[in-house]
Every structure is written in C-alpha cells, then in structure tokens.
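>>> What follows is a predicted structure for the sequence shown.
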Amino acid sequence: MKHLLTMQDLNKEEILQILDLADQLKYERKHQIPHRHLEGKSVGLIFQKSSTRTRVSFETGIYQLGGQPLFLSSRDLQIGRGEPVQDTARVLSRYLDMIMIRTFDQKEVEDLAKYGSIPVINGLTDYSHPCQVLADLMTIRERYGILEGLKMCYIGDGDNMANSLIVGGLLVGMQVSVATPVDYKPDAKVMDFAKDYATFSWTSEPKEAIKDADVVITDTWASMGMEEEKEIRQKAFQGYTVDDDLMALAKPQAMVQHCLPAYRGQEITEKVFEDHADEIFEEAENRLHAQKAVMVLLMKGEKA
Ligand code: CP
Ligand code: NVA
C-alpha cells in the first residue's frame, strides 16, 4: 500500500509527476472539464487540529473528483477518547478508500498507514506538511517555469514547514538556505538528510540566508500546539521578520510564499505580505490542485 506520510516518501520524479498532474487538474477545473477520478470513493478527513485551507481544499477537491469527503473531528471520534490508532486504522479501512489525517505526532500518521490497508495522506503533523510543500513547489514552478537551480530561502522557525521545504526543495534540485535561531533549528532527521547536499545551508543569520534568493518563505513562529510558548518565541525570533530591508537582499523580483495563516508584524510585515499577496493566495489555491493530484495517483497506486 502506498501513502504520502512525509516529503521523504517521494523522489524527484514522483514530485514532478504530482506537479504535472496538478497543473493538468488545475487546467481542467478552470475549463470545466470533468475529472471524476474518485467516482464512488469515500475519503475520511481526520482533524486533531484546526484548519481552514486543508479542510476546505480536501473536501471540495474530493467532491470535484466525484468522491465523498467525510470530515472527522477528533472531538467526535472515539480516537479523541483514547481508542488506539491501530484499531481506528483497521476499522476505517473497512469503510473508506483513503484517509487524510492532521495531527500532532508523526508516529500517529505512520501507525495509521501501518495498521490500515488504505492510502494515508499527512495533512500536517508537528514534523511535516507535505501537501503544503507540494503546493508551494507547484506555485514556484508556475512562476519561474522551472525549479532546478532556483534558490529557496526559509526564514523563521525550524518547524513542520521548514522540515518539508528543505526535503522537497533539495529533492527537486533547488538551492535551499535556511535561517533559524540556534535553538529552533529544523528537525535533526532533516538536518541529517540535508547534510549530504552541497546545495543546502543553515545559518542563524537571515541576512546571509536571503542573499540572492529567488523565493523567500516564512511561517508562524508558534505552530499549533505551541500556544503557551508564544511570548518566549516572540523574543527568540526578533530579527527574523521578513521585511523590506531583508527582501532588498533577495533577487529583485523574488517571490514570497507563506502557507498561512500569517501573523503580520511577526514573521512577515504587512507591507511584504500585501506586496506578494497574489503569489501567497495562488499558493493557497494550489493546495486544491496539488492534493487532488496526490489523491488521484494514490488511488491508482502509482506513487509514494
Ligand atoms: N496552510 C494550512 O495548512 O492551512 P490550514 O491550517 O488552514 O489548513
Ligand atoms: N507551522 C504551522 C503551519 C500551519 C499551516 C503550524 O503547524 O501551525
């Protein structure tokens, strides 16, 4: 059985295959060409954390593909009352054709895949956010026509987005430079993955990382589940706000990506956000197309 659990599940060819299909599905959607690849299929969407984009893009995407989405909040599921994920996996596999899960612990997603018998898609964990990074790569490729050789710069927390961007960017041949505070580096597994790439660099100095970047990416300083650390983090991330001074060091026409929700005045200024709003909201739209591509390919058993 094949799944999308982390970006490390994919190789370059598979990422490009997803992006090509995503471009095609976007075209078909814009031109009202039917693409009902999930006709008669039911997809469960388990949420243990809040969501706007992931929930709505999966629900509408499944509908557009002719399938049935089931929104399953952990507040209502027995999993929220302690039913083991191993049992949930074996039960849901008998009703559904595919599962997307948003949760805290990456192991929960892995266990769902291990004990179930249907494809599992990671809709965000503390460790990774592969669906978002596929949409980001799609958006970057739409703008530049290529990915290979472009410089991606990530500034901020070494969180799920940083982890997945590093892997995704390096796999497709981008140069990836990351600036985080020393105490907020990306996951050790990801740093270990990246160390073999001459195209990867980490620094605690945003000005160094952003130099000549084609794409500048940031994310919240306090991810879901870190609400209590908010104040400490605000102090730790001083100097990491993506503002005009930093942007002046990137390439003149550099694009900006933000997975959203964005906290203006923290990881990004209002001005930089609004100057790049078109790119950022295209990125949000591309969640829909990229995820539809992932679901179609997983249902065919063709990838990951
Ligand atoms: N970017 C993203 O995953 O947004 P949501 O949390 O709204 O789903
Ligand atoms: N890093 C953020 C991403 C939100 C889409 C979080 O995990 O909350």
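Good, I have the coordinates. Ligands and ions are numbered 1, 2, ... in the order given.
>>> Give the closest residue to the residue in the stretch 201-304 of the chain positioned nearest to ligand 2 in space, chain neighbours not counted.
Residue nearest to ligand 2 within the stretch 201-304 of the chain: residue 223 (3.3 Å; Cβ to the nearest ligand atom). For every residue, glycine as well, the C-beta is placed using N, CA and C. Nearest non-adjacent residue to residue 223, counting by Cβ to Cβ, 6 or more residues apart in numbering: residue 159, 5.0 Å away.
>>> Tell me how far the one you found lies from residue 224.
Residue 159 is 10 Å from residue 224, where distance means Cβ to Cβ, to the nearest Å.
>>> When these two are compared, which one has more neighbours?
Each of residue 159 and residue 224 has its neighbours counted (other Cβ atoms under 10 Å); residue 159 has more, 25 against 17.
>>> residue contacts, that one?
When contacts are counted by Cβ atoms under 8 Å, 6 or more residues apart in numbering, residue 159 touches 126, 186, 219, 220, 223.
>>> how about the third one, what does it touch?
When you say that, I think you mean residue 219. By Cβ under 8 Å, 6+ apart, the neighbours of residue 219 are 154, 156, 157, 159, 161, 162, 258, 259, 267.
>>> Tell me which two in the contacts of residue 159 are the farthest apart.
Greatest spatial distance in the contacts of residue 159: 186 and 220, 15.1 Å, computed using Cβ to Cβ.
>>> out of the contacts of residue 219, which one sits closest to residue 290?
So of the contacts of residue 219, ranked by how close each gets to residue 290 (Cβ to Cβ), first place is residue 259, at 12.3 Å.
>>> State the distance from the residue nearest to that closest one when sequence neighbours are not counted to residue 120.
Nearest-residue entry for residue 259: residue 132, 4.8 Å, with adjacent residues in sequence omitted and distances by Cβ to Cβ, 6+ apart. Residue 132 sits 17 Å away from residue 120, going by Cβ to Cβ.
>>> Break the chain down into its structural domains.
Structural domains annotated on the chain: 3-129+287-301, 132-284, as defined by the TED database.
>>> and those domains as TSV, adding distance to ligand 1 and mean pLDDT?
Formatted as TSV, the domains of the chain follow (distance: least, Cβ to the nearest ligand atom, whole Å; pLDDT from 0 to 100):
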stretch	distance to ligand 1	mean pLDDT
domain 3-129+287-301	3	97
domain 132-284	4	98
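>>> For residue 185, grab the count of nearby residues.
Using other Cβ under 10 Å, the number of residues around residue 185 comes to 16.
>>> next one: residue 236
By other Cβ under 10 Å, 17 other residues sit near residue 236.
>>> who touches it in this structure?
Contacts of residue 236 by Cβ under 8 Å, 6+ apart are 181, 183, 184, 221.
>>> Show me which of those are buried.
Neighbour counting over the contacts of residue 236 (16 or more other Cβ atoms under 10 Å) leaves 181, 184, 221 as the buried ones.
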